[in-house]
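Engineer: predicted model, plus sequence, below.
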Amino acid sequence: MKKIGEIKDEFAAAGEADWQSMCDCYHEDPRSGVQKLILQYEKKIKALEAEKLRMEQMMQYERKYEHLGYLCGIDEVGRGPLAGPVVACAVILPADHQILYLNDSKKLTAHKREELYDVILSEAVAVGIGMVGPAKIDEVNILQATYEAMRQAISKLKVTPQLLLNDAVTIPEVEIPQVPIIKGDAKSASIAAASIVAKVTRDRLMVEYDKTLPGYGFASNKGYGSTEHIEALKKFGPTPIHRATFIKNFV
């Protein structure tokens, strides 16, 4: 009879597709340690099935419009911060992708976002990033800057999509047909993927800014108006990456 530790290693080495057969294999083992292990993996199987169902729901817009050809999800991050750029991302996922756990980037942990960022970049048909900095934000306002970042993102795709699935907005000066979806990053896999890539891209940039512009807490607050950030603004004044139109109440 195998030791419980050996069975545990066997489960740990098995792929998700093999969990059920492993549970069935050791179902008759009377040892409480083995039964506890089976219960643990049965819970994982249920959670995985629930996630697959959730992702099928997240594909509702992709299924609705897939007859048109390439569908591109678009989202942005960084409209609210006091510092740093607004970043937009455009993502075309394969129609038959099997990526799980895609969601509004704010609902995911930083670790999960980083993990999914790599998966999205490796599996996507195309990814485009657009970025508009503080000077332009001050010049044209944050909404127009967001539209510009989105247009940039679309222009950097290596293939032209037949339809854009946008998080809430309709982007001006874009000829490709668009479908704006309210809270789209929680309803469409493509938009969720775009939100994750945009968030990770911007967060990494703000961590780099923190190295050259220390004292404002950019690595942790990502440019948003935290107490630490506002106190630093009052003490040290603005940096070149601050948005003048956003900080006039603090300096």
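Structural biologist: Received it, and whenever you're ready, just let me know what you need. Residues are numbered from 1 along each chain as shown.
Engineer: could you dump stretch 4-12 to PDB, C-alpha only?
Structural biologist: Only the C-alpha atoms of stretch 4-12 are listed here, as PDB (Å, rounded to 0.1, in the frame of the first residue of the first chain):
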ATOM      1  CA  ILE A   4      -0.100   8.900   2.200                       C
ATOM      2  CA  GLY A   5       2.800  11.200   1.300                       C
ATOM      3  CA  GLU A   6       3.300   9.300  -1.900                       C
ATOM      4  CA  ILE A   7      -0.400   9.600  -2.800                       C
ATOM      5  CA  LYS A   8      -0.300  13.300  -2.000                       C
ATOM      6  CA  ASP A   9       2.700  13.800  -4.400                       C
ATOM      7  CA  GLU A  10       0.800  11.800  -7.000                       C
ATOM      8  CA  PHE A  11      -2.200  14.200  -6.700                       C
ATOM      9  CA  ALA A  12       0.100  17.200  -6.800                       C
END
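Engineer: from now on call the first residue 331
Structural biologist: Happy to do that; since the first residue is 331 now, the last one works out to stretch 334-342.
Engineer: now it: mean pLDDT?
Structural biologist: Regarding stretch 334-342, the rounded mean pLDDT is 86.
Engineer: and it, which residues are buried?
Structural biologist: 334, 337, 338, 341 (16 or more other Cβ atoms under 10 Å). C-beta: built from backbone N, CA, C; applies to glycine.
Engineer: ok, the first one - contacts?
Structural biologist: Which is residue 334. Each residue near residue 334 by Cβ atoms under 8 Å, 6 or more residues apart in numbering is listed here: 361, 363, 364, 367.
Engineer: 10 Å instead, please
Structural biologist: For residue 334, the contacting residues are 356, 359, 361, 362, 363, 364, 366, 367, by Cβ atoms under 10 Å, 6 or more residues apart in numbering.
Engineer: repeat for the second one
Structural biologist: For residue 337, the contact set (Cβ under 10 Å, 6+ apart) comprises 331, 352, 355, 356, 359, 361, 363, 364, 367, 368.
Engineer: what pLDDT does the nearest residue to residue 400 once chain neighbours are set aside get?
Structural biologist: Closest residue to residue 400 apart from its sequence neighbours, by Cβ to Cβ, 6 or more residues apart in numbering: residue 491 at 4.2 Å. Looking at residue 491, its pLDDT reads 98.
Engineer: residue 491 is in what secondary structure piece?
Structural biologist: Counting by DSSP states H and E, no helix or strand carries residue 491.
Engineer: burial measure for it, as a count.
Structural biologist: When counting by other Cβ atoms under 10 Å, one arrives at 24 neighbours for residue 491.
Engineer: doesn't residue 398 make contact with it?
Structural biologist: Yes. At 8.9 Å, residue 491 counts as touching residue 398 under the criterion of Cβ atoms under 10 Å.
Engineer: and for those two, which residues touch both?
Structural biologist: The contact lists of residue 491 and residue 398 share residue 507, where a contact means Cβ under 10 Å, 6+ apart.
Engineer: nearest the middle, which residue of this protein would you pick?
Structural biologist: Most central in the chain under Cα atoms, centre = their mean is residue 526, positioned 1.3 Å from the mean C-alpha point.
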